[in-house]
Each structure stands twice: as structure tokens, then as C-alpha cells.
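Q: any chance you could fold what I've pasted below:
(chains A and B, ligands or ions: 5)
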Amino acid sequence: MPVHLTINDKPVQAHEGQTVLEAACAHGIVIPTLCYHKDLSPVGSCRLCIVEVDKLRGQVAACNLPVAEGLVVHTETPALVQSRRTVLSLLLQNYTDAGYTSHDGHTTEFEHWVRYYEARLPDGTSPAPRYPLDGDPNPFIWVDLNKCILCTRCVRACEEVQGRFVWGVGERGSYTRIIAGADTAMLEARCESCGACAAYCPTGALDHKLSIRQGEADRKVTTTCTYCGVGCQFDLNVKNGKVIRVTSNPNAPVNGMHLCVKGRYGYDFIHHPDRLTGPRVRRYLLEEGEKVLHGPAWDWVETDWNTALDITARKLAATRDHYGGSSIGVLTSAKCLNEENYLMNKLARQVLGTHNIDHCARL
Amino acid sequence: MTNSKIKFKPVSPQIEALVREHGSQPQAVLEMLVELQTQHGILTREMLDDVARLLELPAARVYGIASFYSMLEVAETAQSFAMSKIRVCDGPVCWLCGGDVTSIGDAVRAEHPDWKVERTSCLGLCDRAPAVLVDNEQAGPVLAEKVSAILAGENVKSIDYSLPRPGEVRVTLAHAGKVDPDSLESALSVGAYQGLQAALKRTYEEVISEVENSNLNGRGGAGFPAGRKWRFVAAAARTPKFVVCNADESEPLIFKDRVLIDTNPHQILEGMAIAAYAVGASSGYIYIRGEYVSQAQRLERAIEQAERSGWLGENIAGSSFSFQVHIHRGAGAYICGEETALLESLEGKRGEPRVRPPYPPTSGYRNLPTLVNNVESFAAVPHILQRGANWYKNLSDNSAGGTKLYMLLGHVNRPGLFEAPFGLTLRQIINDFGGGLRPGSKFHFALCGGAAGTIVDESLLDTPIDYASAGKGISLGAGAFLVCDERVSPVAMLRELMHFFAVESCGKCTPCREGTRRAYDLLVCLAEGGGRPGDLEELARLASVMQAASFCGLGQSVHLPVTSALRHFENEFAAGIRS
Ligand SMILES: Cc1cc2nc3c(=O)[nH]c(=O)nc-3n(C[C@H](O)[C@H](O)[C@H](O)COP(=O)(O)O)c2cc1C
Ligand code: SF4
Ligand code: SF4
Ligand code: SF4
Ligand code: FES
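A: Residues are numbered from 1 along each chain as shown, chains lettered A, B, ... in the order given. Ligands and ions are numbered 1, 2, ... in the order given. Below is the predicted model:
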């Protein structure tokens, strides 16, 4: 059912069940938000997305205001600007930025709106840090609650995206704070270090520990994760040819913002000195000599793919011909694509003649 | 790889038994925590973890609940638990009457060095200010020099309201002090449950119309027409439906519901039963603030008696109508009086208000149709059914029907509680009912309605007060009036109120969570003469942003005392700015 409303004097068509915020968004009208994220259930708590609606009292949060036929909405009146500036200044009073650079040189959502609405601290106030800078021993998640604005996106991300229920809200009033578990360390609260909470945090209060102080990337490369067959996409943030962080790419078709701990934080192999970058074979195979399990003949020698594959094919064929197909077992990898795994299955059963094929993800 | 941080520990058998006792219901988590704390004096993380595991709730959620309610206390480790706890009220009335946690604390510790002394928000004992809770016992008035007497068990009697003042029109207070509140026979002898009997002889539609025609407005503060709300619930399609009695009463200045419970509990149960019949509910809850321990016990006793005699429970008075009432004790949170926060708390969660719409009549307790009314609203209902809508309506010469309980506090000769029609002026309240200002006192200002009410000067002394008079600058709210003489500074009074709001804000939304704190900081400076130029403008701006943009009624109503006080007493505020 189409619903017709007016936003900032512009006729807007929405459909039933949408919120005013979603309808505005779909028509390119920007309403500032902090606690809202399209992936998460709306809570309407930051009060930045307030709008004025003809015939409704006060300023209502657009993020959980359902569209209705004939609504007349204003999103940027002087009173709203005043309220947003006040809301942001109030948040600034509990926001202490210790000055380290964490987030790729981009302004965070919070910083963006603070600048946009020219919010300032009241004269003479300067918030003192209230929490430790690196507040949790988790090896991957950086916790600096001095920057927390209590939007609860982390709570909802962990619940709704990751299904882990690590974060919660503790205390109340101006003592309200974000807590892990029964106010414990994250790992004790069964955190899987997936980093979803950090990805959704609009302030950098939760961030990627490995990337703190790594500076600004010079480019971003969208890529597909090599760890498993799900095929998550994300952006490698590269500086001087080196990956310094992984950030979610909201447009990733398979996974959206979501990643697991390996995809998000397991990128150290890329630049690891032990990493193999080409095929290697034992020297005796290259030289077609006798098999010797020691000495120079047993050494690894780097070679090209054709040579390596030829040797492999020759040895497999010989084994099959001499001992029979079922003497061969094949173990495929979660790092292969579905299609590649399918082809391995074909190779095993039709070419090698064996049913002994398995996959590491079953173990 | 095993993680050395994650240790496996079997849960405590005692907690397992407790959880089983509550049917392993996650909804009962708040009750379990209250019981655990009663048993151990304190909650530990381990206990919270055990409860979480047994109920299959996230530990963060259980901790979130335990740390939300002020009566629950979480400690690092278990402590030896032999000592008592004194909770000293820091509400504005107790403050005005000289209650002071430091001096009372010192006096208590002088006698009992191991007792705990805690400061707490308004205890609902404003007619006995300064008030304290000694463990669960309500006591007052208590001044530091008289602490020994209190600790010895004196001053724990509640005030006698059996004698009406001249001019009173008593309906809900008619039997106060004249019946034994703990005896059903005594209540029956003055007509208890006759309203219910009258209702059961009529269709539910007729009962709703009767309440509608009586012009009964909700007495919780907002004044929403009760009959209309009942009709919404009756019309809601889904079942089961619930009736909830709001006995959270945690707003400073307000104590009427406590007196109603203490003087005539059956009147409230009867009103709930009539409502349940009218809207089609078969179970009900009384959400009572955790500090009202003896009142909760009194209600429980009354329910038991009524059930035994067939006035509650299955097939009431031989009809096909059945209605069970349960008591649900809160654990210290003003916000749980806000009806959607109350419902969250009833479901065993943090008392954070819900997004509205949907409203409770269509989606309340467990997202099912729910009628929420105040204690005083329910208490009026039996009389309406017994004596008719017209009789009730005409008690007041006003658009609001019936009578209202008024709480009169501060520098008057006869403070206390009385029942009268709507439309009184502040002058009438002070002079006709309160015996005038105390000798030597001159009227300075009054806080009208409740903590979230208006601060008025003498220009409003002659404005008739009802649910509509807030538009003229003087609010009725839940019916309290705190009168202050010229020795009291409105700036300091506002500071005390703001402290309450900052402590009791649920913390969900930015304007209220941060705005009340900021306003409190400003008022502390202004009250001490250390304000800065621009402070008054900032205070006014905060008030208007809280009003416009807060999530719920708590934050939205903070502006009432702020803007009214700034309007009437700008000079006194300005005097707080350091030149
Ligand atoms: C912050 C806040 C606190 C409230 N506290 C109470 C309360 O203690 N008791 C009460 O009956 N209503 C309280 N209310 C009003 C309730 O939300 C609700 O309107 C009322 O219980 C409905 O009953 P009534 O229509 O009979 O008044 C409070 C409202 C707000 C916003
Ligand atoms: S890292 Fe993942 S599992 Fe851990 S708290 Fe954040 S969202 Fe939850
Ligand atoms: S840590 Fe970040 S995501 Fe979580 S509540 Fe704070 S600001 Fe929001
Ligand atoms: S206004 Fe906001 S912070 Fe205040 S009590 Fe309501 S929801 Fe909580
Ligand atoms: S984005 Fe709507 S209230 Fe936060």
C-alpha cells in the first residue's frame, strides 16, 4: 500500500510499514542519526533524528515514527537545529578523545554531526576521562568508553548480527555505561572477537586494536575473504603497500557489515615472512632422481606452476595406475570456492577414481 | 586452543533451587534478584552469572537489571551480612524538613558502626519527613539528634487520617481509620465489594459507560479519562488481557497511594476487579514500589482474604467471572511509574520506557492488551458503581468528576492529606485546609503537582486548579502542594528536584540522561552564587530541548519546574551569577 507524505515541502511516496526516516532516506533527504543503523532494530534513544510533524506535539524521532497518509514533516527547522546542537553538545560533555588516530583518517559519524551542527562544549567545561583508555584485554577489540555516547549499536550488533549477547547496558541515569557480561572482560562474556560491535560503533569507542595508531590508508581494496567458502567481502585498507586494517563494506552482497574474527583480524599472514607466494617441490622430484629423505635432494625448491602441476599429475597418475584409485585420498580446503570444491570432487571421483574425498570444514 | 580466561564453574545449588521455585521464568528475574539480595544482603557477579546461565539470559542483561534498580546492590565479592541498612530519604520535602544523610549517618554510626547508611530518592513518606527506612521499616520524622529513638523502634507509626478536615468531601478516604485494613469482615461491614456486585449484574458495556459518565480522570498525574481507556482495552481484539494497578508512587511529594493501601486495601482490589470485568481481563498485577514493603504485605493479605471469601479468584460471587491478582514488587526506580517502563519492569527487564505507539491498551504486558490505572483511580471505581456516575460526577463542579486526594506539605500549620473536589485554589488549599501559613512564615513559592510540577509565586494563588490549569501555569499533577516561606530559595529547591531527575532518569535518551545532569551542575553553582553569565539561558535551553526531544514523560516534564521557576523568580536565579 503506497502512503503519501510531505517531507520539507516535497511530496514523498512511501510504503506502509516504513518509518519516516526510511522514506526520507529513499528520497535522498538526509536526517542525521546516531543510534540508528539500517541493519539494527531502531531504539530511538539518541534523539538526533528528531523531526517536526504538523499536528504532533514536540519533536519526534523519525527512526521509529511510522509513515502515515498525509503526514507533513519538517526535518531541518531552526528549532530542530537548536535541539540537535544541544543534544550533541550534551554528548560532547562525556566524550574525551585522547588524540590517538584510529579510524583511517575519516571522521566518525559522531564527529561528522558535531561539526555539521557546530556543537561545542559549554564554556569552561572540559570532560576528564572516566574510563581506562584501553579498557579490555581482548586482543582484537579496542575499548575506550571515554568516547562512548551510549547509542547501544554495539549491544544490538552483538545480539542481532553476531548472536553473541556480549554487551549490555548497566547502571542508569548519567551513570549509564556499556558493560560486557556481568561487568567482566569481553572474552569472559563469551565474545568471539568478530568485531561487529566495533564496525557498528559510530564514535570509535570500540575499534580495531591492531589498527590503532596505524594511521591513514592511502587506498582501499575491496576483496573477497580467502578463509572460507562463504565469500565475505570487505575492504583492505592499504598504506604503503601494507594492509593496516580491514573495514566492513556495507555493500558486500553476502555478508554486509558482518565478518568473523579471521576475516576481520586474521590478515597478518599477508605480510608474514613465512608466507609461501609460489609453488615449491622437493629437489629430487625436479631432477627426477631417486627419493632421498634427507640431504640436498630433500630440499624445497621454488618453481613455476606448470612444473609443479605436471609433477603432481604424473605422481597421482602413477599411484592410481599402480595401486588403484582408492589408494588416494583428497582433502579440500575451506579456502577454496564452492566451484573449486566441486571440481575437486570431479577430479577425485572421475579422474583419480577415488571416493576418499573430504573437506576441512567437516572436521 | 583453550582460553584460560573462561573457567567452568558449576552453578550454586541454592540459586538453582531459587530459579526452579520461580518456574525458571526469565520474567521473574527481578524477583529472584530481590530474593537473593534479601538472603545475602548483596549480589555478586557470580550470583548474577549463575542466574543468567540458569535462565539462559545473557549475563549482561542480568547485570543490567541488577545495576538499574537502586535497591539492588552488586559487589565484587560476597560480604558478611549481619548488619542493617538505613536508607535516608534525600527528597525535597525531607531536605526542607532538615533531613540530611550526613548527620543522620553519623548519628547512626555512632551507635552501630557496622550499619550501612545510604542516601535514597524520595521514599513516599513526605508526610513524615524527614524519613528513613530501617531495613524495610518505614520511619519518620527522624532528625539526627533523635536517631536513637528511631533505632529503638519509635516513630514508626503512620499518620492517622481518620478525622476529616472541615470542607473535606471523602469518598476513597471515607473509611480511613474507621475500618481495620487487615480485616475483610471490617471492610465488608462498610460496604466493600458491593460495587463489584453491582457491576456483575450489568453488562461490561454498561459498566464502562458508567465510568465514562462519571468523568473519572486518571489520578496518576496525566488525567486521561478512565472510561475512554477502558473502552480501548475492551475493544482490543487479542486475549488474554491484563489489568495493572500502578502503585509505583515514587515522585517526590506524592504519598496518597500508600495511605489508600494502608487504610483500605480492599477498595483498590475491588476497583481492579470491576475494571477486569469491564475490559475482559482475568488476571491483574499490582506493581508496587520496592520500598513499600509493609504495604505490599498488606495487599497480599487482602488478596488472600478476598480469594478465600470468593471476592477474587475463580467464579467471583458465584458468577462466571474469574480474576486473579498478583503483587509485583519493584526495586527502586521512579521511572517504573511511567506505564511502559512499568510493563518492561513487570516483564523482568530494565525499566526503560517503550516506543509508543503501540499504547498499552492494545499492546502492553507481554504485548497483550493491558489497562494501566493508578491506585487512586481504581479506589474511586467501587463508589461510582455503587452510587452512580451522576452522584460521583457532581461531587465536583468541574470538567473532572469526583474528588481528589490532595497532599499539602511545607510551611503550613496543618500539612497532610485530604480529599476534596477539583477546582480549589492554592489559597483555599493553604488557608481553608492547611490552617494557613505557619506563624512567622510569609508565602514565597509553592511547588504544585509534584516534583514534575510547577513552581509558582503568589500571582497564581487564586487560580482554580484542575487538570487543565497547567496551561495557566499551575499544575495539579498527582495532587501535591509544597508551600515554602521566604527562607527557602527556589533555586535551591530546583537544584534538589534536578538531583532527583538526574538520579532517576533511566539513561536511555540523550536529552534527559545528559540534560538533567548538566542542569543539576548549573543549579549547584547558581544556588551557591557561583553561576556564570549565560547559565540561565543554558538552563532554559536545556529545559526546552528536554521537553521537546526527550523519549518519555520523565524528560519531557522536567521543563515544568524549570521554566516556571525561571519565569517567577528570575531575579533570584540571576542573583546566583557571580558578578
Ligand atoms: C516519569 C513518570 C512517572 C510516573 N509515575 C507514576 C506513578 O508513580 N503512579 C502512577 O499511577 N502513574 C505514574 N505515571 C503515569 C503513568 O504513566 C500512567 O499514566 C498512569 O499510571 C495511568 O493511570 P491513570 O490513568 O489512572 O492515572 C508516571 C508517568 C511518568 C512519565
Ligand atoms: S567482537 Fe563480536 S562477539 Fe565480541 S562483543 Fe563484539 S560483536 Fe560481540
Ligand atoms: S561503544 Fe560505541 S556502539 Fe557501543 S554504545 Fe558506545 S558509542 Fe555506541
Ligand atoms: S526521558 Fe529518556 S532518559 Fe529520561 S526517563 Fe524517559 S527514556 Fe529515560
Ligand atoms: S537515530 Fe533516531 S533517535 Fe537515534
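
Q: from here on, contacts and neighbour counts on C-alpha atoms
A: OK.

Q: quick check: A:Thr107 vs A:Trp113, distance?
A: Relative to A:Trp113, A:Thr107 is positioned 10 Å away (criterion: C-alpha to C-alpha, to the nearest Å).

Q: so, in contact with ligand 3 or not, the strand or helix carrying A:Val81?
A: Counting by DSSP states H and E, the element that carries A:Val81 is helix A:78-92. No: no part of helix A:78-92 sits near ligand 3 under the criterion C-alpha under 6 Å from any ligand atom; the closest distance found is 10.3 Å.

Q: could you report the neighbour count for B:Pro113?
A: The burial count assigned to B:Pro113 is 12, neighbours taken as other C-alpha atoms under 10 Å in any protein chain shown.

Q: show the model's pLDDT score for the closest residue to chain A within the stretch 301-450 of chain B.
A: Distances between the stretch 301-450 of chain B and chain A by C-alpha to the nearest C-alpha are smallest at B:Val355, namely 7.7 Å. Reading off the per-residue confidence, B:Val355 sits at a pLDDT of 94.

Q: cool, and B:Lys5?
A: At B:Lys5 the predicted local distance difference test score is 53.

Q: that older thread, looking at A:Thr107 and A:Trp113, which is more packed in?
A: Relative neighbour count places A:Trp113 above the other of A:Thr107 and A:Trp113, with 19 against 14, counting by other C-alpha under 10 Å.

Q: chain neighbours aside, what residue packs nearest to the more buried one?
A: Leaving out its chain neighbours, the residue that sits closest to A:Trp113 by C-alpha to C-alpha, 6 or more residues apart in numbering or on different chains is A:Pro32, at 7.2 Å.

Q: please apply the same query to A:Arg282.
A: The spatial neighbour of A:Arg282 that comes closest, neighbours along the chain excluded (C-alpha to C-alpha, 6+ apart), is A:Trp300 at 4.7 Å.

Q: contact partners for the one you found?
A: Taking C-alpha atoms under 8 Å, 6 or more residues apart in numbering or on different chains as the criterion, A:Trp300 is in contact with A:Arg280, A:Val281, A:Arg282, A:Arg283.

Q: what does the stretch 101-250 of chain A put close to chain B?
A: With C-alpha under 8 Å from any C-alpha of the partner chain as the criterion, the stretch 101-250 of chain A comes near chain B at residues A:165-176, A:179-183, A:187-189.

Q: just those residues: which are in strands?
A: When these are checked against strands using DSSP state E, the ones located there are A:Trp167, A:Gly168, A:Val169, A:Gly170, A:Ile179, A:Ala180.

Q: which one of the residues in the stretch 151-300 of chain B is closest to ligand 2?
A: Here the stretch 151-300 of chain B gets closest to ligand 2 at one residue, B:Gly290, 33.4 Å apart by C-alpha to the nearest ligand atom.

Q: does that residue count as helix, strand or coil?
A: In terms of secondary structure, B:Gly290 is coil; the call rests on DSSP: H, G, I helix; E, B strand; the rest coil.

Q: same deal with the one 4 residues further on?
A: Using three-state DSSP, the secondary structure recorded for B:Ser294 is helix.

Q: what's the neighbour count on it?
A: Residues near B:Ser294, counting by other C-alpha under 10 Å, number 16.

Q: cool, A:Glu339 as well?
A: A:Glu339 is flanked by 10 other residues according to other C-alpha under 10 Å.

Q: next one: B:Gln27
A: In terms of burial, B:Gln27 registers 18 neighbours under the definition other C-alpha under 10 Å.

Q: was I right about it contacting B:Glu347?
A: Yes: checked against C-alpha atoms under 8 Å, the pair B:Gln27 and B:Glu347 is within contact range at 4.8 Å.

Q: show me where the stretch 51-200 of chain A has its helices.
A: Defined through DSSP state H, counting those that start in this stretch, the helices belonging to the stretch 51-200 of chain A, from first to last, are A:78-92, A:109-116, A:153-156, A:196-200.

Q: any idea of the mean pLDDT for the shortest one?
A: Mean pLDDT, computed over helix A:153-156, is 98.

Q: how about it and ligand 3, touching?
A: Yes: between helix A:153-156 and ligand 3, judged by C-alpha under 6 Å from any ligand atom, the touching residues are A:Arg153, A:Cys154.

Q: just the CA atoms of that helix, as CSV, please.
A: As requested, C-alpha coordinates have been extracted for helix A:153-156 and formatted as CSV (Å, rounded to 0.1, in the frame of the first residue of the first chain):
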residue,chain,number,x,y,z
ARG,A,153,24.6,0.0,18.5
CYS,A,154,27.3,-2.4,19.8
VAL,A,155,24.7,-4.1,22.0
ARG,A,156,22.4,-4.6,19.2
